[in-house]
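In: sequence first, predicted coordinates after that:
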Amino acid sequence: MMDICLHINGFDRQVQVEEKWTLLYVLREVLNLTGTKCGCKTGDCGACMVLIDGEAVTSCTQRASRLEGKEILTIEGMSDGEHLHPIQQAFIDAGAVQCGFCIPGMILSAKALLDKNPNPTEEEVRIGIDKNLCRCTGYEKIVEAILLAAKRMGGTNL
């Protein structure tokens, strides 16, 4: 075991980890941040997507022991505790949430996209979420939600 400090959702968290533990394991099992979902454990489904230094990455493929000094954002860090982030609200308003399993990862991928490109086209949105799988929808409502969030956050498309 080793002691490390992870900067998660704006706070430093001192944790003991084994070198081989993934960030997904540490988030869910050590820190009880269960909004990050465990899907495939191979980085293929996007259910465990988080942002590391603003980039959308699968937490199941990241060794927690290598993430000291990085800014980590999970779905729990998206809202301010009282109000949902505009992307979260847009997902609700557009009816983009069905079972909800993939939604945390989708929202974080959307945030990474909109932080870099506040005015994406529909095609750019589809490319921005192409590492996230959803088994419930045809992605139409999810794309609509991201475009709605972009519009509400200052983009002009839609």
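Out: Sure thing, it's come through. Numbers count the residues shown, from 1 in each chain.

In: residues contacting the residue nearest to the spatial centre of the chain?
Out: By CA atoms, centre = their mean, the mean C-alpha position of the chain lies nearest to L108, the distance being 2.7 Å. For L108, the contacting residues are 49-51, 56, 73-75, 78, by CB atoms under 8 Å, 6 or more residues apart in numbering. C-beta: built from backbone N, CA, C; applies to glycine.

In: try it again at 6 Å.
Out: 49, 51, 56 (CB atoms under 6 Å, 6 or more residues apart in numbering).

In: likewise for L67?
Out: So L67 contacts L6 (CB under 6 Å, 6+ apart).

In: same deal with L73?
Out: So L73 contacts L51 (CB under 6 Å, 6+ apart).

In: show the pLDDT at it.
Out: Turning to L73, the model gives it a pLDDT of 98.

In: what segments of this protein are helices?
Out: Along the chain, the stretches classed as helices by DSSP state H are 23-25, 86-93, 103-116, 122-128, 140-152.
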